[in-house]
Each structure stands twice: as C-alpha cells, then as structure tokens.
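Q: Model the following, please.
(4 chains)
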Amino acid sequence: MKLHEYQAKRVFAEAGIPTPDAELAETVDAAVDAAEAIGYPVAIKAQVQVGGRGKAGGIKLVDDAEEAREAAEDILGMDLKGYHVDRVLVEEAVDFTNELYVGVTMDRGEGKPVAMVSTRGGVDIEEVAAEDPDAIAREHVDPAFGMQPYQARKAVYDAGVDRKVANDVAGVLTTLYDLWAAKDGSDAEINPLMVTADDEVIAADAVMNIDGDALFRQPELAEMQEEAAEDDLEAKANDYGFDYVRLDGNVGIIGNGAGLVMTTLDLVDHYGGEPANFLDIGGGAKAERVTNALDMVFSDENVDAVVFNIFGGITRGDEVAQGINEALDAFDEIPKRVVVRLAGTKAEEGMEILNTDLVTVEKTLEDAVQRAVEYAEEDSQ
Amino acid sequence: MKLHEYQAKRVFAEAGIPTPDAELAETVDAAVDAAEAIGYPVAIKAQVQVGGRGKAGGIKLVDDAEEAREAAEDILGMDLKGYHVDRVLVEEAVDFTNELYVGVTMDRGEGKPVAMVSTRGGVDIEEVAAEDPDAIAREHVDPAFGMQPYQARKAVYDAGVDRKVANDVAGVLTTLYDLWAAKDGSDAEINPLMVTADDEVIAADAVMNIDGDALFRQPELAEMQEEAAEDDLEAKANDYGFDYVRLDGNVGIIGNGAGLVMTTLDLVDHYGGEPANFLDIGGGAKAERVTNALDMVFSDENVDAVVFNIFGGITRGDEVAQGINEALDAFDEIPKRVVVRLAGTKAEEGMEILNTDLVTVEKTLEDAVQRAVEYAEEDSQ
Amino acid sequence: MSVLVDEDTRVVVQGITGGEGKFHTEQMLEYGTNVVAGAVPGKGGQEVAGVPVYDTVHRAAREEDANAAVVFVPPAFAADACFEALDAPVDLVVAITEGIPTQDMSKVYRKLQETDTHLVGPNCPGVITPGVAKLGILPGNIFSSGNVGLVSRSGTLTYQVVDNLTKRGLGQTTAIGIGGDPIIGTDFIDALELFEADPDTHAVVMCGEIGGEDEEEAARYIGANMDTPVVGFIAGRTAPPGKRMGHAGAIVSGSGTGTAQSKIDALENAGTPVGNTPEEVADHVEDIL
Amino acid sequence: MSVLVDEDTRVVVQGITGGEGKFHTEQMLEYGTNVVAGAVPGKGGQEVAGVPVYDTVHRAAREEDANAAVVFVPPAFAADACFEALDAPVDLVVAITEGIPTQDMSKVYRKLQETDTHLVGPNCPGVITPGVAKLGILPGNIFSSGNVGLVSRSGTLTYQVVDNLTKRGLGQTTAIGIGGDPIIGTDFIDALELFEADPDTHAVVMCGEIGGEDEEEAARYIGANMDTPVVGFIAGRTAPPGKRMGHAGAIVSGSGTGTAQSKIDALENAGTPVGNTPEEVADHVEDIL
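A: This next block holds a predicted model:
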C-alpha cells in the first residue's frame, strides 16, 4: 500500500523529521488560500501515487496568488499517467543549496533491510543506481538489532555528505529506519532531503509504502488507504480480492496461482495469441470467486475468448466446475466462449460436472490455450 | 535503583498488567479512608524497599475500619529492618485459588535475559530455587530479538501452569519482559501473581529494579527515586557519589577501586584488625573527593584509625596528596590518625608533597594496613 | 533416496486444529505421511484425526520424537510459529502460510542462519517425496516416484510441470515448492545443492519466474558446481515491466535483470536447457535420462 | 611472545578528542603504543597528539590499518562504539568506559559471539604487554617484561599485584584487566586459554573477587585444561553477604557460591594456590618459576 506524499509527510513529521510548511487542498480556492497563508514562493503538487509527477506537469512553483490560481486550476482535475488528480499539496518552497537522498528498503536477496544515502538527491535515484552505483552508500541492517547509530553515520560519511550536516542527516536516517520498522514499511524514502544555506535539512518529498500483509497491525495506516483511483477493472479486482493486471490482448485468462497464470499467458503468446489480462483467483477458490472472476473478464470489452485453467491443490476441481456452471447459467447469452481445463484435486469429478453446453472442455493446458487462441481469432470484433 | 511496590504497580498497570485496587497513604486517617473506599478486606502494606516485609510485621490484612486504624498505627512509623516506614499501600485483598511467580532478570553468566515462571508463588522464590530448582521454568531470551510469544507460552506450560490461565499468564510475562527491556530493568518480578476463582490473574505484589547506569535515559523512573531512608552515613556517601558500605569494626578504610578496597579490608582482617567500612572513591579522585572521603570516615564514631590506600592509574598520587593535606589542614585537631600509602601514577611526587605532621606515610600496602591496625588498637575508645 | 523428506520424517503440524490444518493433516496421513503430533497453544490433550495435540512444539518434539514441522498458522502468528519450530528444534520446517509480513520473515530468516534447520517457504505448497511422505498441500496423486528432482517458486505451476513429467513416466525423487515470497528459507541454490548430493536424483527441474535475481544466481551455481543436469522453466515471459503479477516476487523492475529473458539467458549460458512450455520441459528431461 | 597485544597492534582510539581519550592517548604513545588513528564523528580531519582523527572507525581502520580499538566514549554512546569497532572489524576492542547500561552490553555481547574479535571490558583498565604496548589506562611504569600472565577483574588491584610481582623481578608477558561489570567480553576462561596457548607464559596470576560464578568456572577450566600453573587471589573475604561492594560484580548472594570462600575452595581444588595477600601471590609465583 502506497501512502500519498502528504500522508507520508505527516507520518515523518510526527516522528520528528523536518518537513516544509504545507496544506492539502481539494479546490482551487482552498489552494490559493493555502498559498497565501504559507507565503510565496510555494509549490503546488498533485497528490497521485505515481513517480515522475514533476516532468508530467503535476508540480508547479508559483510566486503569487495569480500564478497559484492558474497552477491549481491546471493541476486539479488533470489526468496524470492515468490517475485523476483531485487533491494538491500546497507547500512552502524551500531554498536549498544541496539535495540528498535517504531511503530504507528490504533487500530481498540478502533477506535484510538496507539503508541508503546519496548526495545525488533530487533526481530519479534508480537512474543514479543504474549509472553510478557507487554514488549510493548502502548499509545493511541486522533486523534483530535494528539500525545502530554508527551505521547511520557510516552511511552518511561513506556517501560523502558534508560534515556540517552529517549528524543531522544520520539522525533523519535513523528516524526513517525506525519508522520503516515500526510501521511495516516496504520502502521509505526522502528524495530530495534538502540542505538549506543555514545547514538545516528538510524532507522536500516523502515516499512511504507499507507491506500490505502487515496492515492488520497498522490500523492507523490502514485507515489512510483510499479507493484506488485506478483503471475501473483493476479497482473491481481489488474489491474481489484478486491479483489482476490488465494487458492489451484479446484472450482473457483465469487461473489459480501466479506462476501457473503467468505460464498460461506465456502459452497464449507462444501459440500466437495475445493475453488480455492476468487474473489469479488464488487458492481454495469456491463458486463465488469463480463467478466474480468470469464477471471480471467478461466486463473487459477487449476480451474475445476466455481460457479458464485450474490445477487443484487446495482448490478443488468439483467446486470450480460447480462455480463455472452456476456463473454461466446466470447469463441469458454467454458473452464470450470459455475454454476450461481442470487438473489436480477432484479434477475428474469436476470435468464430469461441467456443463459442455456452456463451455468447451480440454484435457491439457496446451490444448486449452490453443483452443482459446483459435476462438479469440474467430470471434475477434 | 529499586522502585517501591506502589511505584512498580503503577508502571505495571500502565502497561496493562492487572493489579488490585489500591491507594497510597501517609497518615493513619488517610489509610482508614482508603480502606473504606476500597472495601474490606484490605491489606495494609509498609512501603519500604526490603524483602520479607510480611514476616517482619509490615503487612496486615484487616476486615473493618477499627482493624485498619490499628494496623496503620502499628505500621506507619515502625522501623522495618532499619528502614523507617512513612507510607503504606492500602490495597484490595484478592481472593485467590493459586499463587504463581513470574520474573525477568539478567543472567550474568549467560550474558542474556532470562524469564522465569513457577507455580510455587507467594513464598520466597530464592528458597524455592535453592531447594527445588526444577520448580522454576527458565527461558533465556535473545536480547536482539526480544522475547518471542512462543517463549512465554513455553515457560508457562513448562512450569505446569493450568491451561485455563496459561494464555493470560503468558501475556503477563510478555508484558513484563517488554517493560523490563524498555525501562532498563535489572529485575522485574510479580510474586505472587494470583489466580482467582474466576481464572483471572492479578499482580498482588510487584518488584521492579532499574539499572542505575541507565537512569539517564529513563527520566520518568529517575524522578521516582527518593531520598534513601537509610543509615545517615550511607545517605551521605550517596550524595558524595561514593560506593560505601558501613561495617562493624574500627579501622576506617579509604581507597580507589572496588577490588583494591576489598583487598585492603581483607588485609585489615588478616592483620587482626576489624574494618569499619568499605569506601571506594573511584577513579581520577581529585582534592574535593578526598576531603569528602575523610569527612565520611571521620563522621563514623566507630572509627579509631584510618588507612588511605591509593594505587594510581587514572588517579594521580600528587592530586590525592594535595587533597589529603588540604582536608586535614582544615581541622584544628585531626580526629583520628591517618596512615597513607600512595603507589602508581605520580606516587613519588605525592609522597613528597604529603605533610607528615598530619599523616603517617607507609610505602607498602602491608605496612600501611599493619600500622593502621596498631593505631586503631592504641586509640580504641 | 530423496532429499529433506524420507521414511524417518516425523511430522508435527502447527495449527492442526484449524480448518486447513485439519484437512491437510488428513490428506497427509492418507498419503502415508508419518504425522505424529499437532501443536496448538491451549489445545494440548486433544486429538485431531487420531493425532495427539500438544500445547507447544517443544513438547510435541519431546513426546513424539517429531523432527519436522508444517506450519498452518494464520499470518499474524506464523513467524512466531517458525521461531518455535526452529527452537524446538526440528530438522525441517515447511511453512505453508501465505501473507506473512515481510519484516517478520526477515527476522525468521536471520534466526534461521544460526540453526541447522531447513525452512521451506513460507507461502509454498510444501515438500513431497513421492510414495513416502508429503509435508504440505501438494496433491499427492499427480506425483510418482523416480529420479527427477524438482524445485519451484510457484505452487500450481509445480503441479502442472509434475503432471507433464508423471504422464511421461518421469517420476520424482523429491519435489520442493520453495514459495514465491520476497524472503524465503530454502532457495534454489539450497535445493540444487541437496539434489546434487543425492545419488538417486539424475536430473533436476527448476521452475522460476520473473522478479528478483534468484534464478540468475542459481544459474551461476549450476555452472560452477553441478554435475547433475538441470532443466529450466521460467514463467512470466509476457509480463509487462513494472507490473506486479500476484507473487510479491513476480515483478519486473525493467532494469535488465529480473526479466524472464535474463533468467533464460543465464540458465542457457550455464548449459541448462529451458523449456518454452511445460511439455518442452518434459521433453528435455526425457532427452537427458 | 604475548597475548592480544604485540608489536603489530595498531590502535584506533574512539573518543580521542575527549579529556580522558586525549590524556590516555598521550600516555599510550609515550609508552610506545602504536596509536595510528582516532575516531570521533564530526571530528574527521583533526589531529590529537599528532594522531589523525577520522569520522568513523571503518575509515580509520581502512586508512591506517588499525586492528585494535580502545573505547573512551561516554556510557550512553559506548555500546554503539563497541558495535562500530566489531563491525569495522578490528581484532581487539578494549572498552575502558565505566557505567554502560547492562542491557546495552547484553546486546554487544550477543553480537560479539558472531565475530572473531576479542572484546576486553567494559569498565576495565585495559591490556598491556610490558615493553611493547598498552591499550587503556594502566600505569605503564609498574609493569615489567617477563613470563607471568595476569588476568584480573579489578583495576587498581591489578596494579597492586603487578607491583608486588615486578618488585620481586617477576615480569609479565601480558596483563589483562577484564573488568568488573556484570557482562564483559573476554572472561577468565578466555584469558586463561590465551595464556595456556602462549609458550612464553610460564605462570598465570588470576585475581578474582566475590560475586558471580566466574572464578568457580575458571577453576573447573584450570583443572581440566591447563598445564601452565596458575596462582589465585580473591578479594572480598571480609565482605558481608547481601552487600554490594562497588563493582556490580562484587555482591555476595549468601547462597554458597559467589562467596570468597567458595572461590578459594574451587581454585585450591583445581590445584591452584591462592594467596592471602598480594605478597603471598608473589611468593607462590616465585615458588613456581
């Protein structure tokens, strides 16, 4: 789960990390009022959960009320990389002499947290990492002990941060790690951490992503979760609790287990078709989930045919078959042809139950995919 | 630093450990009022920082106002193992079916914390440990990870706690460990942890000792520290920042470093004398500390002679000598004879500075101790 | 022979009184697994499917000589269950639970490094030595005994590949579902090392997927250390960069490594043929044996 | 020869810019110790007594090849300083600081177990190899080079005993003040093991005191493992039970072990003579050599 910039900054500020004066605004008037109250220059920043907002015109620096109004009018309501902007953060523009980067994330490969510091802040840090890996000082943290103060100092000095602000930057990094650990962060970043002419440091941007699996013990953060302003189908998938990704093709794909669903996509491609989506209904899928999954895929106007591929472990083939029958029975006319392949636990029972008036049944994955690709070609609109 | 029972209970209750209804009282009237408010039976408990209060008459169970008044009158103002009782805790008497013990301490030998549970609560747990070590379940804790929930359960089940309350007892133990860790505890104990007929658990007594070296980061607990109601000389030593123990003999002993001072005591004994005290002035002792140390020992009316034994490392012999001269110069008449032995850093310079009109100088530890023992015999009052 | 699981494996099921725990205990018993105990705090003294339940894993291990644990405990308590099993200790922990917070697993992983225990998972289907025992939720009927070792990050994909193998008569020594979470215990290299040391494993199938660098590292390990031939399969060739496909692991960063192609290239450079389809995987294995 | 400290010991002083750090750096240099760097965050680039200061121990170790650290950092920051030195890493850390919270040291001790570093202290006078180098605050002039190893829990008592030895012409290979805190790094047994392995150490003096069980355990170790003769001394014979005498360690519980007598008995049972006075310790050593 991603926090918005304004949410992350609140969390950081509460923990003692300096952040600029700022106010959230949902209307142009409120934005102008906020700008007047804070004093110019201010930045007007779209609150959408995507990177590269600046380049896309989602951040504007303004010097007076007129400019503030113009910027707020431009940004509020704009479409930013597919996200609708309905809030802006109006924020004191900080006068800086230097931009740093500090971040904490989980290093999967090492199985332990890593804290990072760079003097190349204010730009895309992933580009810096790719071009000049040594420009980022990395310090792995023992998750049992937590980050020790010396580790923060070491990272800061290794990165070449000026000695005058090194102590403060180390303090911010320590706080950031502690927050990351306490709040079940997946990533926590400040980019840029600005250094002012007075040698003060201030978090000019804030990223905080939370491990979705840990939200049960982070009730305050869970409350910050907002309806995703995403693609309607992806929002729907979220409501249904599916892992879903929409793609550009016309063969709808439903299956259980991420690896098998990806393999089904790959096979569609292998046999000359184009996948319309990734949809994993997960383990132990019962009738209702099957119905919801079919609803999802039928709702996608790009889809011309569907392959439904289940290999039962926890999931039982008979239950899936039952679900498919029920779901399709509910239609006066079934909108797309559906190819079903069941294997594993109770697969044979399932095959027997399936109503072949409603679906095409195939015994192997390869056959099922090929058949669906054929149907999609035939029924292509 | 030891917390009083009432202080420890407040700390435990804030962390969510159930404690009985209770009120602190400094007068008999206040004690009776508290008893009336709580409802009988209540326990009236002397708040002094020594063990075995019950046996010594410092805890009384009362059933009505008259008994409450009598008990409060008896206990308030009493002398309990050398401590003056000026406060009582008036506490709901809990009706129990079982008494357990739970505790957390540092296992020096292992260098790690240990959590303990026993069903033999309500009695002196050290006696239980001596007689029947297996009656106490012990679980060592990795200080980096902290106590894991399974460890609390394991200790509780290993101790043979009834399954009906096992979960609650494990919860209390986990909370106790977390408190111990967060508050820099040296020991944290609940003895007894009472089990009621309704299978509830409640902390009927509470012990919480804090690592004195960590008080700098425990400001709330440091505030609870009270003037020691101890021996006047020990209180004085505390004010001066000395490690001091008063003993029964007549040879006053001043030295630097615990091991060396203990060795000086042992030598006094070895040469037929009796040590009057242990006084360690610590490392780097300057003139003022020397003056204070002499003041301490001269204030002890049992002392008949003094041996002042310094082996300099950090401590400089010349500074000590200067301090001794200054301190003794201030007296019209020096109350006891003082034997001084200086060795180590700047010892020769110190020996030259020392005013032999005021003190006797010896070159070796053995000679210094023997001389002081002789003086003490001669000057014995 | 086999790896991790054999005739001497004596299993304690953590969370045996829950719905999944109970169902899969029955399934494991039916398959012939020696499930000797359950462990659920407060449920000591009960029985599930004829198996005695204890309050702690330590007691289960002591009373019933359990040497392996399967974790069916809900995510909020699963890391603690893993710590308990590691401390008991048992030789093998199979953590089925999905959705364990990553920071919890990071701590379990840290502790694991100090033990001699193998932890498989979490978020995995388990381990099976066909005809002998299964620990987890794998459907026993698709497996058959033979000389192919299998290691896979994905559950149902494992079944698919095994199904293709079994139908060709290519039985398995042991199949290990290592799980798709960001932090797992036994990884590809650990599993490959076990198979390399097993004289009865004549070929290994390794099923990877997009995301992370584990397949690339495994390829380097194969090139440098393995005599036993390996056949690869990589899911997610058609996954668009930057999108997360279900598994926390299955995300492509778009930076060159972590993509299906980089993994396929790495394996092929190590002399490991990679199948385009599960059928082709079986073809390659057939060619080798 | 010697233990822990020799001609190749290159020292970084943590907290070199503080009062004590500076004074004892000068003393160490004067004794001939190869102090190559100081480490104080924010003070990098400065010099103290001609020694260059770095912001981190890692940088000091890298730039100046330091392989040992002496910690003169205030108690609130001293555990962090120890962690830093362990991580750098150096081979030897000597922690002089008194008053480090016990729970901090418990964590340092935990980390120490995962390293190959020797930690001496905290709350100790340090380590000296007479004529070669001293790390800490020991007064160099009372030591002399020879064949006696010395290990002691107490600072000034060490000086007293060394003084008695030196005045008899009984020089030392190395003297180790292990410190009197509840949790210390190098303990009696670690030190005895080092001396046992040193061919130039022909006898060892071990100075203990009341409290804890370390002397009893050391006695068992001596009985079972040592060929080099040991002479003991125990301070606190006249200490009344239940009273704390300065050191956190120096408390007698009254339960039989931990008393001076139990320690003396344990040592004598292990064939180790125990002196009643520092003079008698020197007598015993003289008898042996």
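Q: other SSEs contacting the host helix or strand of C:Cys82?
A: Secondary structure assignment for C:Cys82, by DSSP states H and E: helix C:75-87. Packing partners of helix C:75-87 (3 or more CB pairs under 8 Å, 6 or more residues apart in numbering or on different chains; DSSP states H and E): helix B:149-159, strand C:11-14, helix C:57-64, strand C:68-71, strand C:92-95, helix C:102-112. For every residue, glycine as well, the C-beta is placed using N, CA and C.
Q: Which stretch among these approaches chain A most closely?
A: helix C:102-112 (4.1 Å; CB to the nearest CB).
Q: Briefly note if that closest one comes near chain D.
A: No - counting by CB under 8 Å from any CB of the partner chain, chain D is not contacted by helix C:102-112; separation bottoms out at 10.9 Å.
Q: And residue 272, its phi and psi?
A: Defaulting to chain A. Main-chain torsions, A:Gly272, degrees, to the nearest 10: phi 90, psi 0.
Q: How confident was the prediction at it?
A: With respect to pLDDT, A:Gly272 scores 95.
Q: So what's the residue count around it?
A: 11 (other CB atoms under 10 Å in any protein chain shown).
Q: nearest spatial neighbour of it, skipping sequence neighbours?
A: A:Val373 (6.1 Å; CB to CB, 6 or more residues apart in numbering or on different chains).
Q: Need the residues that contact the helix or strand containing the one you found.
A: Secondary-structure assignment from DSSP H and E places A:Val373 in helix A:365-379. Here helix A:365-379 makes contact (CB atoms under 8 Å, 6 or more residues apart in numbering or on different chains) with A:250-251, A:263-264, A:267-268, A:270-273, A:304-307, A:309, A:336-337, A:339-341, A:343, A:360, A:362, C:160, C:277-279.
Q: So for that helix, mean pLDDT?
A: Rounded mean pLDDT across helix A:365-379 is 95.
Q: what do you get for stretch C:41-54?
A: 97.
Q: May I have that stretch exported as CSV, CA atoms only?
A: Presented in CSV, the C-alpha positions along stretch C:41-54 are these (Å, rounded to 0.1, in the frame of the first residue of the first chain):
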residue,chain,number,x,y,z
PRO,C,41,-1.4,-23.5,22.4
GLY,C,42,-4.3,-24.3,24.8
LYS,C,43,-5.4,-27.3,22.8
GLY,C,44,-3.0,-29.8,24.4
GLY,C,45,-4.6,-33.2,25.2
GLN,C,46,-7.0,-33.1,22.3
GLU,C,47,-6.8,-35.3,19.2
VAL,C,48,-7.2,-34.4,15.5
ALA,C,49,-7.6,-37.2,13.0
GLY,C,50,-6.2,-39.5,15.7
VAL,C,51,-3.1,-37.4,16.2
PRO,C,52,-2.3,-36.1,19.7
VAL,C,53,-2.2,-32.4,20.1
TYR,C,54,0.3,-30.6,22.4
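Q: now that stretch, how far from the chain's geometric center?
A: 26 Å (CA atoms, centre = their mean, to the nearest Å).
Q: Name the helix or strand for the nearest residue to C:Pro273 once chain neighbours are set aside, please.
A: Spatial nearest neighbour of C:Pro273, chain neighbours left out: C:His284 (4.7 Å); criterion: CB to CB, 6+ apart. Assessed by DSSP H and E, C:His284 sits inside helix C:278-288.
Q: So, low pLDDT: which residues of chain C?
A: C:242-257 (pLDDT under 70).
Q: Where do the helices of it begin and end?
A: C:19-31, C:57-64, C:75-87, C:102-112, C:155-167, C:188-197, C:214-225, C:260-269, C:278-288 (DSSP state H).
Q: Next, see if the fifth one gets close to chain A.
A: When you say that, I think you mean helix C:155-167. Yes - using CB under 8 Å from any CB, we find that helix C:155-167 touches chain A at C:Gly155, C:Thr156, C:Leu157, C:Thr158, C:Tyr159, C:Gln160, C:Asp163.
Q: Great, nothing more from me.
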